[in-house]
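[1] pasted the sequence and its predicted model underneath.
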Amino acid sequence: MLGALCDAGVSTDKLLAELKKINIGNYEFCCTRTMRCGVSADRVEIKVSENQPHRSMADIKKLIESSKLEEVVKSRALRVFLLLAEAEGRVHNKPVDEVHFHEVGAVDSILDILGCSIGFEWLKLNEIYASSVNVGGGRVKTQHGLYPVPSPATVELLKDIPTYSSGIE
């Protein structure tokens, strides 16, 4: 999504300047052109060399709220994390404030969500439409062990959203 927003006109230099407004440690932000099936597009990668801590919803909320980002950007990003925490909470039978994010609490995921929030604001996007989501299949290794694809939290998030599986693992 972040690559698509950059491709749609969000300046990577300005985006990176905005992302530096959150005190989240060292990372490398790379935006490059790529080709997929003969179509060119922007690809964004956020690389982190150190191990990532597991962050709770409270940790992420504190990180975002203490940043110097615009309030509308913070609010949108926090809504995304709240939806994720609610889904994780339902899966693990925990209240939102007891949910610990593993993969989603990492620097790259936090910056992806904040970057999209920044891009949506800059492009004045109030609504986004998408086709049915291809959920894939197979298994994925997580902090909790081997999970089916889509993972249980993903299934929670995608309730009432059209999905399909092409059988790709």
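    Yep, it's here. Numbering: from 1, shown residues only.
[2] which strands border the helix or strand of the chain with the lowest mean pLDDT, and is each parallel or antiparallel?
    Within the chain, no helix or strand scores below strand 100-101, which has a mean of 82 by mean pLDDT, DSSP states H and E. Applying DSSP bridges to the sheet, strand 100-101 is found paired with strand 55-56 (antiparallel).
[3] can you name the element that comes right after the partner strand?
    Using DSSP states H and E, the helix or strand that follows strand 55-56 in sequence is helix 57-65.
[4] and the very next helix or strand once past that next one, C-alpha only, in PDB?
    Beyond helix 57-65 on the C-terminal side, the first helix or strand identified by DSSP H and E is helix 71-92. Extracted as PDB, the C-alpha positions of helix 71-92 are listed here (Å, rounded to 0.1, in the frame of the first residue of the first chain):
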ATOM      1  CA  GLU A  71      -3.200  14.600  15.000                       C
ATOM      2  CA  VAL A  72      -5.300  13.300  12.000                       C
ATOM      3  CA  VAL A  73      -2.400  11.000  11.000                       C
ATOM      4  CA  LYS A  74      -2.000   9.700  14.600                       C
ATOM      5  CA  SER A  75      -5.700   9.200  14.900                       C
ATOM      6  CA  ARG A  76      -6.000   7.100  11.700                       C
ATOM      7  CA  ALA A  77      -3.000   5.000  12.600                       C
ATOM      8  CA  LEU A  78      -4.300   4.400  16.100                       C
ATOM      9  CA  ARG A  79      -7.700   3.200  14.700                       C
ATOM     10  CA  VAL A  80      -5.800   0.700  12.500                       C
ATOM     11  CA  PHE A  81      -3.900  -0.600  15.500                       C
ATOM     12  CA  LEU A  82      -7.100  -0.800  17.600                       C
ATOM     13  CA  LEU A  83      -8.800  -2.900  14.900                       C
ATOM     14  CA  LEU A  84      -5.700  -5.200  14.900                       C
ATOM     15  CA  ALA A  85      -5.700  -5.400  18.800                       C
ATOM     16  CA  GLU A  86      -9.400  -6.200  18.800                       C
ATOM     17  CA  ALA A  87      -9.000  -9.000  16.300                       C
ATOM     18  CA  GLU A  88      -6.000 -10.400  18.200                       C
ATOM     19  CA  GLY A  89      -7.900 -10.100  21.500                       C
ATOM     20  CA  ARG A  90     -10.800 -12.100  20.100                       C
ATOM     21  CA  VAL A  91      -8.500 -14.800  18.800                       C
ATOM     22  CA  HIS A  92      -6.400 -15.000  22.100                       C
END
